[in-house]
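Engineer: Sequence and predicted structure are below.
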Amino acid sequence: MDKNATRYTVQLYIYDLSRGMARSLSPIMLGKQLDGIWHTAIVAYGDEFFFGGEGISSCSPGGTMLGPPDTVVELGETEVSEEIFMDYLSSLGESTYRGDRYRLFEHNCNTFTNEVAQFLTGRSIPSYITDLPSEVLSTPFGQILRPILDSIHIAPPGGNVINGGRNL
(Lines give C-alpha, C1' and ligand atoms only; values in the text may rest on other atoms or scores of the structure.)
Protein backbone atom coordinates (compact mmCIF):
# COMPACT_ATOMS: atom_id res chain seq x y z
CA MET A 1 0.00 0.00 0.00
CA ASP A 2 1.14 3.51 -0.80
CA LYS A 3 1.65 5.32 2.51
CA ASN A 4 0.77 8.62 0.80
CA ALA A 5 -2.54 7.39 -0.65
CA THR A 6 -5.65 9.27 0.41
CA ARG A 7 -7.99 7.15 2.49
CA TYR A 8 -11.76 7.59 2.62
CA THR A 9 -14.10 6.38 5.35
CA VAL A 10 -16.85 3.97 4.28
CA GLN A 11 -20.00 3.52 6.37
CA LEU A 12 -23.12 1.41 6.10
CA TYR A 13 -26.35 3.21 6.97
CA ILE A 14 -29.08 0.83 8.13
CA TYR A 15 -32.75 1.81 8.21
CA ASP A 16 -35.68 -0.24 9.51
CA LEU A 17 -38.43 0.35 6.96
CA SER A 18 -40.98 -1.13 9.39
CA ARG A 19 -40.11 1.45 12.08
CA GLY A 20 -40.07 -1.33 14.70
CA MET A 21 -43.27 -3.06 13.59
CA ALA A 22 -41.41 -6.11 12.21
CA ARG A 23 -40.12 -6.89 15.69
CA SER A 24 -43.63 -7.04 17.15
CA LEU A 25 -45.60 -8.46 14.19
CA SER A 26 -43.20 -11.00 12.68
CA PRO A 27 -43.71 -13.71 15.34
CA ILE A 28 -47.47 -13.58 14.70
CA MET A 29 -47.29 -13.32 10.90
CA LEU A 30 -44.20 -15.38 10.10
CA GLY A 31 -43.79 -17.57 13.15
CA LYS A 32 -40.26 -16.23 13.67
CA GLN A 33 -38.68 -13.10 15.05
CA LEU A 34 -37.42 -10.46 12.60
CA ASP A 35 -35.80 -7.40 14.11
CA GLY A 36 -36.52 -5.16 11.11
CA ILE A 37 -37.12 -4.81 7.40
CA TRP A 38 -33.76 -3.44 6.35
CA HIS A 39 -32.88 -0.78 3.81
CA THR A 40 -29.16 -0.05 3.55
CA ALA A 41 -26.97 2.54 1.89
CA ILE A 42 -23.24 3.14 1.55
CA VAL A 43 -21.88 6.46 2.78
CA ALA A 44 -18.56 7.52 1.27
CA TYR A 45 -17.01 10.68 -0.21
CA GLY A 46 -19.57 12.79 1.69
CA ASP A 47 -22.65 11.22 0.04
CA GLU A 48 -25.11 8.39 0.66
CA PHE A 49 -25.53 5.89 -2.20
CA PHE A 50 -28.38 3.38 -2.51
CA PHE A 51 -30.28 1.25 -5.01
CA GLY A 52 -34.03 1.10 -5.49
CA GLY A 53 -36.72 0.97 -8.13
CA GLU A 54 -35.32 4.09 -9.80
CA GLY A 55 -31.75 2.72 -10.05
CA ILE A 56 -28.69 3.93 -8.15
CA SER A 57 -29.29 7.18 -6.31
CA SER A 58 -27.34 9.50 -4.05
CA CYS A 59 -28.10 12.19 -1.51
CA SER A 60 -26.47 13.87 1.44
CA PRO A 61 -26.10 11.40 4.34
CA GLY A 62 -29.49 10.89 5.97
CA GLY A 63 -31.08 13.02 3.24
CA THR A 64 -33.88 10.72 2.08
CA MET A 65 -37.39 10.78 3.49
CA LEU A 66 -36.24 7.97 5.81
CA GLY A 67 -34.29 10.57 7.80
CA PRO A 68 -31.31 9.58 9.92
CA PRO A 69 -30.32 5.90 9.92
CA ASP A 70 -31.25 3.59 12.78
CA THR A 71 -27.69 2.22 12.86
CA VAL A 72 -24.34 3.19 11.36
CA VAL A 73 -21.70 0.50 10.80
CA GLU A 74 -18.12 1.53 10.14
CA LEU A 75 -17.00 -0.69 7.25
CA GLY A 76 -13.46 0.65 7.15
CA GLU A 77 -11.48 2.80 4.76
CA THR A 78 -10.78 2.72 1.04
CA GLU A 79 -8.06 4.10 -1.18
CA VAL A 80 -10.38 4.04 -4.21
CA SER A 81 -10.62 7.61 -5.47
CA GLU A 82 -14.00 9.30 -5.79
CA GLU A 83 -13.53 9.52 -9.57
CA ILE A 84 -12.94 5.77 -9.90
CA PHE A 85 -15.87 5.08 -7.56
CA MET A 86 -18.24 7.25 -9.59
CA ASP A 87 -17.11 5.51 -12.81
CA TYR A 88 -17.79 2.18 -11.08
CA LEU A 89 -21.29 3.30 -10.01
CA SER A 90 -22.00 4.63 -13.49
CA SER A 91 -21.07 1.25 -14.95
CA LEU A 92 -23.25 -0.59 -12.42
CA GLY A 93 -26.12 1.81 -13.15
CA GLU A 94 -25.96 0.97 -16.85
CA SER A 95 -25.97 -2.77 -16.29
CA THR A 96 -26.47 -4.73 -13.09
CA TYR A 97 -28.22 -2.02 -11.07
CA ARG A 98 -30.61 -0.39 -13.51
CA GLY A 99 -33.96 0.42 -11.92
CA ASP A 100 -35.77 -2.19 -14.00
CA ARG A 101 -33.50 -4.88 -12.52
CA TYR A 102 -34.70 -4.23 -8.96
CA ARG A 103 -36.22 -7.29 -7.29
CA LEU A 104 -37.33 -7.01 -3.66
CA PHE A 105 -36.05 -10.45 -2.65
CA GLU A 106 -33.14 -11.17 -5.00
CA HIS A 107 -31.64 -7.90 -6.24
CA ASN A 108 -32.27 -5.00 -3.88
CA CYS A 109 -30.63 -2.20 -1.89
CA ASN A 110 -28.86 -4.72 0.31
CA THR A 111 -27.44 -6.65 -2.65
CA PHE A 112 -26.12 -3.34 -3.94
CA THR A 113 -24.57 -2.18 -0.68
CA ASN A 114 -22.96 -5.58 -0.14
CA GLU A 115 -21.33 -5.45 -3.59
CA VAL A 116 -20.19 -1.83 -3.17
CA ALA A 117 -18.86 -2.50 0.34
CA GLN A 118 -16.77 -5.37 -1.01
CA PHE A 119 -15.48 -3.19 -3.87
CA LEU A 120 -14.46 -0.37 -1.54
CA THR A 121 -13.29 -2.22 1.58
CA GLY A 122 -13.20 -5.96 0.87
CA ARG A 123 -15.81 -6.42 3.63
CA SER A 124 -19.40 -7.65 3.36
CA ILE A 125 -22.37 -6.09 5.09
CA PRO A 126 -23.78 -8.00 8.11
CA SER A 127 -25.40 -11.34 7.24
CA TYR A 128 -28.56 -10.62 9.26
CA ILE A 129 -29.32 -8.08 6.51
CA THR A 130 -28.41 -10.17 3.46
CA ASP A 131 -30.20 -13.23 4.92
CA LEU A 132 -33.51 -11.41 5.50
CA PRO A 133 -35.18 -12.36 2.17
CA SER A 134 -34.53 -16.08 2.68
CA GLU A 135 -35.75 -15.76 6.29
CA VAL A 136 -39.07 -14.33 5.08
CA LEU A 137 -39.46 -16.69 2.13
CA SER A 138 -38.76 -19.76 4.29
CA THR A 139 -42.13 -19.22 5.99
CA PRO A 140 -45.55 -20.24 4.63
CA PHE A 141 -46.82 -16.65 4.98
CA GLY A 142 -43.75 -15.37 3.12
CA GLN A 143 -44.55 -17.71 0.23
CA ILE A 144 -48.16 -16.50 0.16
CA LEU A 145 -47.05 -12.84 0.15
CA ARG A 146 -44.28 -13.30 -2.41
CA PRO A 147 -46.34 -12.48 -5.55
CA ILE A 148 -47.53 -9.23 -3.96
CA LEU A 149 -44.14 -8.30 -2.53
CA ASP A 150 -42.37 -9.06 -5.83
CA SER A 151 -44.24 -6.16 -7.40
CA ILE A 152 -42.94 -3.64 -4.86
CA HIS A 153 -40.12 -1.34 -5.90
CA ILE A 154 -38.66 0.54 -2.97
CA ALA A 155 -37.07 3.87 -3.85
CA PRO A 156 -36.68 6.20 -0.88
CA PRO A 157 -37.64 9.72 -2.01
CA GLY A 158 -35.00 12.41 -1.75
CA GLY A 159 -32.18 10.95 -3.80
CA ASN A 160 -30.70 11.96 -7.13
CA VAL A 161 -30.70 9.11 -9.65
CA ILE A 162 -27.24 8.35 -11.01
CA ASN A 163 -27.16 7.53 -14.73
CA GLY A 164 -30.83 7.59 -15.60
CA GLY A 165 -32.18 4.64 -13.63
CA ARG A 166 -34.99 2.83 -15.48
CA ASN A 167 -34.53 4.53 -18.81
CA LEU A 168 -31.22 2.98 -19.80
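Structural biologist: Cool, the structure landed. Everything numeric in this text was worked out from a predicted model, so none of it was measured. Numbers count the residues shown, from 1 in each chain.

Engineer: alpha carbons only for contacts and neighbour counts from here, please
Structural biologist: Fine.

Engineer: ok, for the residue nearest in space to the middle of the chain, nearest residue in space, not its chain neighbours?
Structural biologist: Nearest to the geometric centre of the chain sits Cys109, at 2.9 Å (CA atoms, centre = their mean). In space, and not counting its chain neighbours, Cys109 is closest to Phe51: 4.7 Å by CA to CA, 6 or more residues apart in numbering.

Engineer: Surely the residue nearest to the centre of the chain is in contact with Ile37?
Structural biologist: No: the criterion here is CA atoms under 8 Å, and Cys109 misses it with Ile37 at 11.6 Å.

Engineer: Which positions within stretch 19-33 qualify as buried?
Structural biologist: By neighbour count with 16 or more other CA atoms under 10 Å, stretch 19-33 contains the buried residues Ala22, Arg23, Leu25, Ser26, Leu30.

Engineer: and the two most separated of those residues?
Structural biologist: Arg23 and Leu30 (11.0 Å; CA to CA).

Engineer: Who does the residue nearest to Cys109 form a beta bridge with?
Structural biologist: Ile56 (DSSP bridges).

Engineer: ok, now which ones touch it?
Structural biologist: Shown in contact with Phe51 (CA atoms under 8 Å, 6 or more residues apart in numbering): Ala41, Ser57, Tyr97, Gly99, Asn108, Cys109, Phe112, Thr113, Ala155.

Engineer: With Val43 instead?
Structural biologist: Val43 sits in contact with Val10, Gln11, Leu12, Tyr13, Phe49, Pro61, where contact means CA under 8 Å, 6+ apart.

Engineer: One more: Val161?
Structural biologist: By CA under 8 Å, 6+ apart, the neighbours of Val161 are Glu54, Gly55, Ile56, Ser57, Ser58.

Engineer: Which stretches in this protein count as helices?
Structural biologist: Ranges of helices in the chain, per DSSP state H, are 21-30, 82-94, 109-121, 127-130, 132-137, 140-149.
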